[in-house]
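*Asks:* my questions concern the predicted model and sequence given below.
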Amino acid sequence: MKDPAMEDSDELLLPVWRANLVLLTQEVGAATRLARMMTFSASYLKLMLSGQREFSEEFVRGIEAVTGLPNGWMDVPHTGEDIPPNAREAIDNEQPLARFRGTAHPVRKKTVLRPPEPIFGQPGPAKRLEEETLDAEAHRRQAHFRKVRDLAVQDVRRFERHLSHAPVELAAMRAKVEDVIAAAELDDRIQADLEGRLEQIEKHRHVLLRHVERLQALLGQLGETE
């Protein structure tokens with residue numbers, strides 16, 4: 001059980017942690033990359049950045065481990081120049097240096113309500129068999145849901161990576177089509193149609209990539225209890 005004094009310390013350090021988290025994610029797309037490195041949804045991480053969600057020291061220490069920051073780095077205010085190159089590179093390239101398996105939500109001590117003491121030594125009422133069966137079924141359903149959700153997220157991420165690397169293939173295709181345009185004496189209307197198709201392909205790739213990123217964020221939110 002965590003010492004109450006340590007919980008008070010967490011609350012005092014939270015503004016510093018949040019400011020450093022904002023500092024680490026100020027580059028475009030850095031929040032999304034760091035969220036994936038921490039196996040969290042980007043939308044949930046952005047709630048932490050905006051102050052709408054608190055987070056624990058466990059999560060802070062996890063950020064340090066995953067990005068390669070020195071232990072305790074998050075506890076002290078910093079500027080952009082203080083970010084170590086290896087940590088910046090890890091976030092830029094989305095290459096976690098450790099695996100975070102913890103939680104971000106601060107754990108609060110729950111009030112324990114004790115059942116009445118048995119009278120004359122009689123045993124307390126046992127949990128009904130039906131309730132145990134329902135609990136087991138709910139656990140099985142939750143486990144199945146998480147499994148199929150994680151498989152879907154993996155495929156969406158794979159597709160996102162494919163779209164992100166598509167510009168190289170698209171550039172090669174565009175160069176070949178432009179070679180055809182240069183080599184043939186085409187009607188102005190046909191040439192404009194070919195060039196317009198290339199532009200539409202590039203435009204729709206960006207739109208598709210945004211939809212895939214949003215789909216991944218929505219899937220990551222499903223089943224979250226933080």
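*Replies:* All right, it came through fine. Because the structure is predicted, anything quoted here is derived from the model rather than measured.

*Asks:* low-confidence ranges in this structure?
*Replies:* 1-10, 106-130, 163-169, 223-226 (pLDDT under 70).

*Asks:* first vs last residue of stretch 178-194, how far apart are they?
*Replies:* Using CA to CA, to the nearest Å, the end-to-end distance of stretch 178-194 comes out at 9 Å.

*Asks:* how far out from the middle of the chain is it?
*Replies:* Centroid separation between stretch 178-194 and its chain, computed with CA atoms, centre = their mean, to the nearest Å, is 45 Å.

*Asks:* likewise for stretch 48-55?
*Replies:* Offset of stretch 48-55 from its chain centre (CA atoms, centre = their mean): 14 Å.

*Asks:* quick one: contacts of that stretch?
*Replies:* Applying CB atoms under 8 Å, 6 or more residues apart in numbering, the contact partners of stretch 48-55 are 14, 17-18, 21-22, 25, 31, 44, 47, 104-106, 226. Using the backbone N, CA and C atoms, a C-beta is placed for each residue, glycine as well.

*Asks:* stretch 60-68 too?
*Replies:* With contact meaning CB under 8 Å, 6+ apart, stretch 60-68 is reached by 13, 17, 21, 24, 34, 37-38, 69-75, 84, 86-87, 90-91, 96-100, 102.

*Asks:* dump it to PDB, restricted to CA.
*Replies:* Provided in PDB are the C-alpha atoms of stretch 60-68 (Å, rounded to 0.1, in the frame of the first residue of the first chain):
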ATOM      1  CA  VAL A  60       5.900   8.800 -15.400                       C
ATOM      2  CA  ARG A  61       8.600   6.300 -14.700                       C
ATOM      3  CA  GLY A  62       7.300   4.300 -17.600                       C
ATOM      4  CA  ILE A  63       7.800   7.300 -19.900                       C
ATOM      5  CA  GLU A  64      11.400   7.600 -18.800                       C
ATOM      6  CA  ALA A  65      12.100   3.900 -19.400                       C
ATOM      7  CA  VAL A  66      10.400   3.700 -22.800                       C
ATOM      8  CA  THR A  67      12.000   6.900 -24.100                       C
ATOM      9  CA  GLY A  68      15.400   6.400 -22.500                       C
END
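
*Asks:* show me where this protein has its helices.
*Replies:* Along the chain, the segments classed as helices by DSSP state H run 4-24, 30-37, 42-49, 57-67, 85-92, 129-183, 188-221.
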